[in-house]
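S.K.: task: produce atomic coordinates for the following.
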Amino acid sequence: MNKRTLTALATALAASLALGATGCSKTKHADAGPDARKNPAAANAGTVVGGTPQKGGTLTVLSNQDFTHLDPARNWVMNDMDFGTRMLYRTLVTYKAAPGTGGSELVPDLATDLGTSSNGARTWTFHLKPGVRYEDGSPVTAQDVKYNVERSFSPDLPGGADYAARYLVGADGYQGPAQGRHLDSVKTPDDHTIVFELRKPFAEFPNATVMPTFAPVPRAQDKGPQYDNRPFSSGPYKIESYQRGKKLVLVRNTHWDASTDQVRKAYPDRLVMVMGLKGNQIDDRLIASQGADASAVSWGALRPESAAKVLPSAEVRKRLVAESTNCTDMVQMNTGHAPFDKVKVRQAVQYALDKDAVLTASGGPAFNDPSTAYMPASLFGGKQPDTAKVPVAGDMAKAKELLKEAGEPNGFTTKMTVSTGDKGRGEAIQQALGKAGIKVTIETVDPSAFYATIGDTKNRTDIVYTGWCPDYPSGSTFLPFVFDGRYIKEKGNSGNHSLFRDDATMKRMDEISAMTDAKQANAAWQQLDGEILAKAPAVPVLVRRWPLVLGTNIAGAYGQTSFGGQLDYATVGLKDPSKSQG
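M.R.: All right, here's what the predicted structure looks like:
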């Protein structure tokens, strides 16, 4: 799934941090073992910070931006998915509320179990729990889940997870339910049963039903694109008010029944998200933790330059959560447009890129690891391979040689789009490529509009800096979404921002997807990662942590590894609700 890129321009403080942290082991994934604990940023990895919360009070979230989408048909960005599925709506299946590797375990949510397969894993049946209700007290039905799956195909609702489009029978050409058309491959024999007919075997289908696509939306409440402003709650909270880009207020959904929900604890009475703040302002407020800020958390990751204020302080480090995002940052090049249609030009970018410089601009080795493969280490058994053997600091002579062989001896001029929070990383990339003669102009976009901008394949720049996260621990949820050219969209394009269309790659993806031996398939995905890397549609750059400083009154906090290290909003709350404000 898409990863949000939030952290901002690094300064000399980030460089000093990188130098000061060289004695620490580099960032590892949560629960990576004793070496990870040597990293001062990872001291709380895999643990709950602040103890058990008490019921009540107001949790404040400080943010520099709005959500990309809250509509469950469109919500496919890590942080937004965490917030939407933990607070506002429930899905057929979800992730267990637990720190570390425990957070990757699937558990039933709306459904009574993880689904039952038949017909060689081409048919999946789920039964809904009784007693699950919306914010108005009406029951959640199987037909509501079917309706949201169908509306996810609507052209005016782009951006959402496309597992339904990839796997459901009859999905080709389907445009959603607006004209009274429905998918015969999603059956609801009664209000509590939903059956999915797939075009090919998919043993991992329960993992896909974690996606917000498989949350319920009642037809009577659907307002098309405007539903993004006011999703109808089936979760523990409902929207009291939402001023886009300014403020979101959630209050309890009094019809939510905890006895039907083994995941969400719903500790606070109220949640207030204040948007549009400056990143340095958020960091400084949470480090100081005064007044109402003691009961606050940050939505975006700690800025790299703020790390020098956090890591030296034992008191603040106790309030630092910094789990791995389990996501790979990449420079993706438009392989369908000159000069990036030439493999050697793309390989020149691989060799010109100085990942060490980008790492420094990201806060140094306390918060990042340079990436040598597309898939994160978790999909390689804990360590990424280095099949391309490109030096981490690059090889400028090799880059210039490749450009000359490609017929571009004098380099060329191009443009790159980055999120505003990635401007520092973009400038490090710009400087490195410039040394090889590739002159890059940077275009920055607000994070809430970033994916819509780069998803417009006709009007975007030829380079984008973005990333991808596996939806669950399988190569099938990474490489096909980033490099399968058959699912590129003109608008709302997601994942394959290199617009890579390679017949041999797509044929191999189909062969691996048809494998019934999971071990064999995993090995094949790992091999294919290296084969695609050799064709260089994208350059893997970093795997980051998601550092968050908590207010001193926060409890029940940990980074949810299945949601890119963001706080698990299912369990976070307050030590003393009487001290909260707002």
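
S.K.: give me the distance between D576 and V297.
M.R.: Separation of D576 from V297 (Cβ to Cβ, to the nearest Å): 16 Å. In this view, the C-beta of every residue, glycine as well, is placed from N, C-alpha and C.

S.K.: higher neighbour count, the two?
M.R.: Neighbours per residue, other Cβ atoms under 10 Å: of D576 and V297, the larger number sits with V297, 24 against 14.

S.K.: next up, the contacts around the more buried one.
M.R.: By Cβ atoms under 8 Å, 6 or more residues apart in numbering, the contact set of V297 is L59, T60, V61, L62, L286, L548, L550, G551, I554, A557, L567, V572.

S.K.: doesn't L59 make contact with the last one?
M.R.: Yep, that's V572 we're talking about. Yes - if you go by Cβ atoms under 8 Å, V572 and L59 touch, sitting 6.8 Å apart.

S.K.: shared neighbours, those two?
M.R.: Residues within reach of V572 and of L59 at once, by Cβ under 8 Å, 6+ apart, are Y267, V297, I554.

S.K.: now these in a markdown table, with distance to K278?
M.R.: Shown next, in a markdown table, are these (distance: Cβ to Cβ, whole Å):
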| residue | distance to K278 |
| --- | --- |
| Y267 | 29 |
| V297 | 17 |
| I554 | 21 |
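
S.K.: let's see which of the residues you listed end up in strands.
M.R.: V297, I554 (DSSP state E).

S.K.: what's the closest of the shared contacts of V572 and L59 to G131?
M.R.: Nearest to G131, judged by Cβ to Cβ, of these is Y267 at 21.4 Å.

S.K.: OK, contacts around the spatially closest residue to G411 that is not a sequence neighbour?
M.R.: Using Cβ to Cβ, 6 or more residues apart in numbering and skipping the chain neighbours, the partner closest in space to G411 is G437 (2.4 Å). Listed by Cβ under 8 Å, 6+ apart, the contact set of G437 reads K400, L403, E408, N410, G411, F412.

S.K.: go with 7 Å
M.R.: Contact analysis of G437 by Cβ atoms under 7 Å, 6 or more residues apart in numbering lists K400, L403, N410, G411.

S.K.: the third one: neighbour count?
M.R.: N410 has 7 neighbours, counted by other Cβ under 10 Å.

S.K.: and the residue lying closest to it once chain neighbours are set aside, how far from Q520?
M.R.: Among residues not flanking N410 along the chain, G437 sits closest, at 6.1 Å (Cβ to Cβ, 6+ apart). In this view, G437 and Q520 are 44 Å apart by Cβ to Cβ.

S.K.: tell me the helices and strands packed up against the longest strand along the chain.
M.R.: Ranked by residue count and defined by DSSP E, the top strand of the chain is strand 320-333. In terms of contacts (3 or more Cβ pairs under 7 Å, 6 or more residues apart in numbering; DSSP states H and E), strand 320-333 is packed against helix 343-352, strand 463-468, strand 538-549.

S.K.: tabulate those in JSON lines, adding columns for mean neighbour count.
M.R.: Listed next are the helices and strands packed on strand 320-333 as JSON lines, based on neighbours: other Cβ atoms under 10 Å:
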{"stretch": "helix 343-352", "mean neighbour count": "23"}
{"stretch": "strand 463-468", "mean neighbour count": "27"}
{"stretch": "strand 538-549", "mean neighbour count": "26"}
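
S.K.: looking at those, which is nearest to D510?
M.R.: Evaluated over those, closeness to D510 peaks at strand 463-468, with 19.9 Å, by Cβ to Cβ.

S.K.: contacting residues around the closest one?
M.R.: Strand 463-468 is contacted from outside by 2-3, 5, 327-333, 414-418, 422, 425-426, 429, 440, 454, 478, 481-482, 495, 497, using Cβ under 7 Å, 6+ apart.

S.K.: backbone dihedrals for the residue nearest to G411, please?
M.R.: When read as degrees, to the nearest 10, the backbone of G437 gives phi 100, psi 10.

S.K.: how close does it sit to A399?
M.R.: Applying Cβ to Cβ to G437 and A399 gives a distance of 9 Å.

S.K.: cool, and R230?
M.R.: Applying Cβ to Cβ to R230 and A399 gives a distance of 50 Å.

S.K.: neighbour count: those two, which is higher?
M.R.: Neighbours were counted for R230 and for A399 using other Cβ under 10 Å; A399 has more, 25 against 15.

S.K.: name the helix or strand for the more buried one, please.
M.R.: helix 396-405 (DSSP states H and E).

S.K.: can you give me the buried ones in that helix?
M.R.: M396, K398, A399, K400, E401, L402, L403 (16 or more other Cβ atoms under 10 Å).

S.K.: next one: stretch 134-150
M.R.: Within stretch 134-150, the residues that count as buried by 16+ other Cβ under 10 Å are 134-135, 139-142, 144-150.

S.K.: kindly reformat the residues you listed as TSV containing pLDDT, distance to L353 and secondary structure.
M.R.: Supplementary listing: these in TSV, determined by pLDDT from 0 to 100; distance: Cβ to Cβ, whole Å; DSSP: H, G, I helix; E, B strand; the rest coil:
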residue	pLDDT	distance to L353	secondary structure
Y134	98	49	coil
E135	98	49	coil
P139	98	54	strand
V140	98	48	coil
T141	98	51	coil
A142	98	49	helix
D144	98	47	helix
V145	98	44	helix
K146	98	46	helix
Y147	98	45	helix
N148	98	41	helix
V149	98	40	helix
E150	98	42	helix
